[in-house]
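1. Next come a sequence and a model predicted from it.
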Amino acid sequence: MFSFLLSQRPLLLSCTLCCFPIIAQANDNIPIDLEGEYYAFGAVVDTVQPHASRASAAGMARMSVQWAATPNGRFALTLDHRHGFTNPPPGHWLPQSTGIMSLTGAPFSDQGWRLTHGYWEQTGLSDRWHAMVGYLDSTDFIDLYPYGSPYSGFSNVQFSTGSGTIVLPDEASIGGMIHHQMGAHYYLQLNVSDARADSSHPWLRAEAVFRERRTFEAVELGWVAEPSQALAQQLHVTGWRSEGALEQPQSQEGLSASWNGTLGAWTPFLRGGVAQGSQVLYSSSLVAGTGYQGIGPGIMGMALGQATSNRDGHSIHNAEFFYRLPLGPLTLTPNLQYVEETSARAGVHHAWVMGLRARLGAT
């Protein structure tokens, strides 16, 4: 795997040229913020099926633009180039190699150029509500907690948005979201977007979404201790429904819940969900874990999860430990995972996975 990475030096060099922030001013009052980042993720597993790959790696170059066009409104655009260093790339590598229904490094694929999001965001009423409309990435606002991003937190999908029980549309899903802060501590959030989004060809969905009317819908009700630091201490429940991304409509629906708090340097969390539908990864999921800030300059995270595979009803167990270490413009996040399926059909019942994620860009 590492010899292959070395052979990709021209690609890596060209991608890293855009990995530092640039601030350009259209005028004194309308700033345009351009930012480039480069991510790489690789992992190895100790036990595989016959003739399967023990290692997988991929990279992603990202360019983001934010334009504060008005005092209360902004336009945001993010373009990615996702490229695999191995075949298969990490996104669906672990089930292929082990037969265990567990996903790690899901965004790291060989998709090529894609639109992640391009939307207008508006705030109002003393920042008590804000709305987004355009090409949306649902993971920007649904079922949030501090360690759910696969770019900065846990790598295993069970510890990300939806705990493996939400059938999220592809990024660049045409739609809208409105978030309303009701009083000092409660909020209500509504989202409707295109269930058949295609981030590789987003322009093709601009007309089809209104003709097909295949939607992903979500409603979230939550409590936050302090609205200005919403992710620090919060409790929320998310209900969702989707007609699915396949050619024929297939109803998927579920309910997720999440709590996280702060106990000194510790940030414990408890999450879970239930769902039904042919495209659901887990029909049920329960997660417990914590983050910790106090060992060096970085952040540590650990989590345990139990789930029921929607494919065959087998019990899945996932565990992950990571440490995110900032080193100026470079951030390294090694992680160790244990994955287990009680009745793996291919004979691999459990495996250890060691991974490393790197990010080069603005701190």
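-> Good, I have the coordinates.
2. what pairs with residue 334 across the strands?
-> residue 356 (DSSP bridges).
3. separation between it and residue 301?
-> In this view, residue 334 and residue 301 are 12 Å apart by Cβ to Cβ, to the nearest Å. In this view, the C-beta of every residue, glycine as well, is placed from N, C-alpha and C.
4. Spit out the residues that contact these two alike.
-> Common neighbours of residue 334 and residue 301, using Cβ atoms under 8 Å, 6 or more residues apart in numbering, are 322, 323.
5. quick one: which of those two has more around it?
-> residue 301 (23 against 14; other Cβ atoms under 10 Å).
6. Which other helices and strands does the host helix or strand of that one contact?
-> Here residue 301, judged by DSSP states H and E, is contained in strand 299-309. For strand 299-309, the elements it packs on are strand 282-292, strand 315-327, judged by 3 or more Cβ pairs under 8 Å, 6 or more residues apart in numbering; DSSP states H and E.
7. how far off strand 282-292 does that strand point, in degrees?
-> 170 degrees (axes from the mean of the first three to the mean of the last three Cα atoms, to 10 degrees).
8. Give me the buried positions along strand 299-309.
-> 299, 300, 301, 302, 303, 305, 306, 307, 308, 309 (16 or more other Cβ atoms under 10 Å).
9. Export those as TSV, with columns for pLDDT and distance to residue 283.
-> Converted to TSV, the buried residues of strand 299-309 look like this (pLDDT from 0 to 100; distance: Cβ to Cβ, whole Å):
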residue	pLDDT	distance to residue 283
299	98	31
300	98	31
301	98	25
302	99	25
303	99	20
305	99	14
306	98	12
307	98	8
308	97	5
309	94	8
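10. Identify, from the residues you listed, the entry nearest to residue 290.
-> residue 302 (6.3 Å; Cβ to Cβ).
11. Skipping its backbone neighbours, what lies nearest that closest one in space?
-> Computed as Cβ to Cβ, 6 or more residues apart in numbering, the closest residue to residue 302 that is not its neighbour in sequence is residue 321, at 4.7 Å.
12. Bridged to that neighbour, which residues?
-> residue 302, residue 336.
13. Could you do the one 5 residues further on as well?
-> For residue 326, the residues forming beta bridges with it (DSSP bridges) are residue 331.
14. so it makes contact with residue 293?
-> No - contact criterion Cβ atoms under 8 Å: residue 326 and residue 293 do not qualify, at 11.8 Å.
15. what sits up against the helix or strand containing residue 240?
-> Using DSSP H and E, residue 240 falls within strand 234-242. With Cβ under 8 Å, 6+ apart as the test, strand 234-242 has contacts from 142-143, 145, 162, 166-167, 169, 195, 215-225, 251-260, 277, 279.
16. Is there a quick ChimeraX command that grabs whichever of those are buried?
-> Applied in ChimeraX, the following selects the buried portion of those according to 16+ other Cβ under 10 Å:
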select :142,143,145,162,166,167,169,195,215,216,217,218,220,222,224,252,253,254,256,257,258,259,260,277
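17. thinking again about what came up before, just how off-centre is the strand holding residue 301 within its chain?
-> Relative to the centre of its chain, strand 299-309 is centred 15 Å away, using Cα atoms, centre = their mean, to the nearest Å.
18. Show me what it is in contact with.
-> 101, 147, 153-154, 156, 158-159, 163-164, 269, 281-293, 314-324, 341.
19. Quick check: buried residues in stretch 313-325?
-> Under the neighbour-count criterion of 16+ other Cβ under 10 Å, stretch 313-325 has 314, 316, 317, 318, 319, 320, 322, 323, 324, 325 buried.
20. Would you mind confirming that residue 266 is in contact with residue 291?
-> Yes - judged on Cβ under 8 Å, residue 266 makes contact with residue 291 at a distance of 7.2 Å.
21. Which single one of the buried residues of stretch 313-325 is nearest to residue 96?
-> The closest of those to residue 96 turns out to be residue 316 (Cβ to Cβ; 15.8 Å).
22. Could you check how far the closest one is from residue 324?
-> 25 Å.
23. before we move on, what about residue 157?
-> Residue 157 is 18 Å from residue 324, by Cβ to Cβ.
24. go on, residue 201?
-> Distance from residue 201 to residue 324, counting by Cβ to Cβ: 34 Å.
25. Export the helices and strands packed on strand 299-309 to a markdown table and append columns for distance to residue 348.
-> Formatted as a markdown table, the helices and strands packed on strand 299-309 follow (distance: least, Cβ to Cβ, whole Å):
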| stretch | distance to residue 348 |
| --- | --- |
| strand 282-292 | 19 |
| strand 315-327 | 13 |
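26. Of those strands, which is nearest residue 113?
-> Proximity to residue 113, assessed across these by Cβ to Cβ, is greatest for strand 315-327 (27.8 Å).
27. Could you tell me the angle between the closest one and strand 299-309?
-> Interaxial angle of strand 315-327 relative to strand 299-309 (the same axes, to 10 degrees): 160 degrees.
28. one step back: and of the buried residues of strand 299-309, the nearest to residue 358?
-> Residue 358 lies nearest to residue 299 out of the buried residues of strand 299-309, by Cβ to Cβ, at 15.6 Å.
29. Dihedrals phi and psi, residue 109?
-> When read as degrees, to the nearest 10, the backbone of residue 109 gives phi -130, psi -170.
30. Do you know the pLDDT at it?
-> pLDDT, residue 109: 96.
31. hang on, the earlier thing: and the furthest pair within the buried residues of stretch 313-325?
-> Spanning the widest gap among the buried residues of stretch 313-325 are 314 and 325, at 35.4 Å by Cβ to Cβ.
32. ranges for the helices of the stretch 101-250 of the chain?
-> Secondary structure of the stretch 101-250 of the chain (DSSP state H, counting those that start in this stretch): helices at 205-212.
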